[in-house]
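Peer 1: predicted model and sequence below, questions to follow.
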Amino acid sequence: MLSPFHAGCYAKGKASAPLLSAYMTSSATTSKRDARIDVARGIALLMIFIDHIPDNALSLATLQNFGFSDAAEVFVLLAGMSSMLAYGAAFEQKGALEGLRRIVLRTLRIYLFQIGLLLTTLVVVLLWTKHYRMEPTHVAPILNDPVPGLVHGLTLHAVPTYLDILPLYLVLFAAFPLIYVGLRSAPWLTLGVSGVLWLVANLNPDLNLPNWIDGDQWYFNPLAWQFLFAIGAAFALVASVNGGSLPHTSWAQWLCAAYLAFAFFQSAPWSDWHLPDLRPFSFDAPDKTELPILRLLDILALAYLLFSSRWLRAFAGYGIFRPLEACGRHSLEVFAVGCVAALLGRLAFRTFGAGLAAQIAINALGLGAMFVAAAWLEGERLHSKAVRP
């Protein structure tokens, strides 16, 4: 199923390797934003908020019910694409030092957001559980042993559930300069090495970062998930010299559509939807930690269909999608708002139950807060752009 990517590297009878090398070594990388990336990332952020609240009825309509992958895969793939478009362009146009400076500043910003979310979570959970005389759950090890717990949290050795995406993003983004240089100089070798690391992580799941909070490992294994990030960066390079889209190949699109149909029938929560079980095979859903092959193929098939469609780029630019585009453009801030809203939603459901009124209130307030934050940040961006000399 990597064939759609390979297929994009053939044109009019030319061999794939020389053409891909031409893609990767061209100077076509651009920092111009792609509305499809921002809209898709905005949708992913909303789904992450919804999925981070257990017993949330809206989660029956999120991506995890329609295939093997979910919003996390979308987020990481798009992170690779947007990193190449934005920071790859900085390396290319302003030099290595400026590119590295921007990477360092962005990495520090991501880290500060992670620590801010961790501290906010600890304070909110502590106050809520004391007020309602409840026992904390996911962050209990840190609250029960705060000094070593905070030290582990500050060093990312303690990564609580629901706060595990940014640490993964932090590691992947810090590795971006190596990925960029590799894709520019030896694209097939770089993707090959990345693929081998992914395979090794799947064959030996013990190769992962430790997580003090539960005595286990990181929920998202960076050794495995870096492959999807690297593929996303490669997709961006290929698309940048193909009018902004992945090369269109009919047979590859049909193959991807067929795989997505299989993934849908195999993954859909038929019983929750009160429908007969239509799964063609009987096996458990693939685990997320090592990004197994079924999940990887699912997100790649979906990405190829979305980003090989030229009309979708124009469609994503319609005004109706501006709120989603704003969410994706300001993804870090909107993600943070969603994390806090989901935390309050989990606590509210646990305390008062997940009845219809609570469902409506929590989802409306949480999603509304994310859209309001995105609109405010976008307004500030446009105002700053307008008054800039």
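Peer 2: That came in fine, so what should we check first?
Peer 1: so what's His157 closest to, chain neighbours aside?
Peer 2: Spatially, and ignoring its direct neighbours in sequence, His157 is nearest to Trp212 (4.9 Å; C-beta to C-beta, 6 or more residues apart in numbering). Bear in mind the C-beta positions are built from the backbone N, C-alpha and C, glycine included.
Peer 1: how many neighbouring residues does that neighbour have?
Peer 2: Trp212: 19 surrounding residues under other C-beta atoms under 10 Å.
Peer 1: residues contacting it?
Peer 2: Residues near Trp212 by C-beta atoms under 8 Å, 6 or more residues apart in numbering: Pro141, Gly149, His152, His157, Ala158.
Peer 1: likewise for Ala268?
Peer 2: Per C-beta under 8 Å, 6+ apart, neighbours of Ala268: Asn65, Phe66, Leu278, Arg279.
Peer 1: please repeat the previous calculation with a cut-off of 10 Å.
Peer 2: Residues in contact with Ala268 (C-beta atoms under 10 Å, 6 or more residues apart in numbering) are Leu60, Asn65, Phe66, Gly67, Leu275, Asp277, Leu278, Arg279.
Peer 1: kindly report the same for Ala301.
Peer 2: Taking C-beta under 10 Å, 6+ apart as the criterion, Ala301 is in contact with 1, 4, 67-69, 252-253, 255-263.
Peer 1: need the contacts of Ala268 in JSON lines (columns: distance to Val196 and secondary structure).
Peer 2: Output for those, formatted as JSON lines (distance: C-beta to C-beta, whole Å; DSSP: H, G, I helix; E, B strand; the rest coil):
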{"residue": "Leu60", "distance to Val196": "37", "secondary structure": "helix"}
{"residue": "Asn65", "distance to Val196": "32", "secondary structure": "helix"}
{"residue": "Phe66", "distance to Val196": "30", "secondary structure": "coil"}
{"residue": "Gly67", "distance to Val196": "26", "secondary structure": "coil"}
{"residue": "Leu275", "distance to Val196": "41", "secondary structure": "coil"}
{"residue": "Asp277", "distance to Val196": "37", "secondary structure": "coil"}
{"residue": "Leu278", "distance to Val196": "37", "secondary structure": "coil"}
{"residue": "Arg279", "distance to Val196": "32", "secondary structure": "coil"}
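Peer 1: make JSON lines out of the residues you listed and add distance to Leu189.
Peer 2: JSON lines is the format used below for those (distance: C-beta to C-beta, whole Å):
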{"residue": "Leu60", "distance to Leu189": "43"}
{"residue": "Asn65", "distance to Leu189": "38"}
{"residue": "Phe66", "distance to Leu189": "35"}
{"residue": "Gly67", "distance to Leu189": "31"}
{"residue": "Leu275", "distance to Leu189": "47"}
{"residue": "Asp277", "distance to Leu189": "45"}
{"residue": "Leu278", "distance to Leu189": "43"}
{"residue": "Arg279", "distance to Leu189": "39"}
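Peer 1: of those residues, just the buried ones, PyMOL syntax please.
Peer 2: A single PyMOL command suffices to select whichever of the contacts of Ala268 are buried according to 16 or more other C-beta atoms under 10 Å:
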select buried, resi 65+66+67
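Peer 1: returning to that earlier point: neighbour-wise, which of the contacts of Ala301 leads?
Peer 2: When these are compared by neighbour count (other C-beta under 10 Å), Ser69 ends up highest, at 29 neighbours.
Peer 1: isn't there a helix covering it?
Peer 2: No. Counting by DSSP: H, G, I helix; E, B strand; the rest coil, Ser69 is not part of a helix but coil.
Peer 1: what's in contact with stretch 110-120?
Peer 2: Residues outside stretch 110-120 that contact it (C-beta under 10 Å, 6+ apart) are 139, 142, 149-150, 153-154, 156, 158-160, 162-167, 169-174, 332-333, 335-336, 339-340, 343.
Peer 1: the same query, at a cut-off of 7 Å, please.
Peer 2: Stretch 110-120 has contacts (C-beta atoms under 7 Å, 6 or more residues apart in numbering) with Gly153, Leu154, Leu163, Leu166, Pro167, Tyr169, Leu170, Phe173, Leu332, Ala336, Cys339, Val340.
Peer 1: helices of the stretch 151-300 of the chain, start to end?
Peer 2: Here the stretch 151-300 of the chain has its helices, by DSSP state H, counting those that start in this stretch, at 165-174, 176-185, 187-203, 222-240, 250-267, 293-307.
Peer 1: pick the most deeply packed of the ones you listed.
Peer 2: Most buried of those by mean neighbour count (mean count of other C-beta atoms under 10 Å) is helix 222-240; its value is a mean of 25.
Peer 1: please compute how far that helix lies from its chain's middle.
Peer 2: 12 Å (C-alpha atoms, centre = their mean, to the nearest Å).
Peer 1: ok, back up a step: so which of the helices of the stretch 151-300 of the chain is nearest Phe371?
Peer 2: Comparison of the helices of the stretch 151-300 of the chain against Phe371 by C-beta to C-beta identifies helix 165-174 as nearest, at 20.0 Å.
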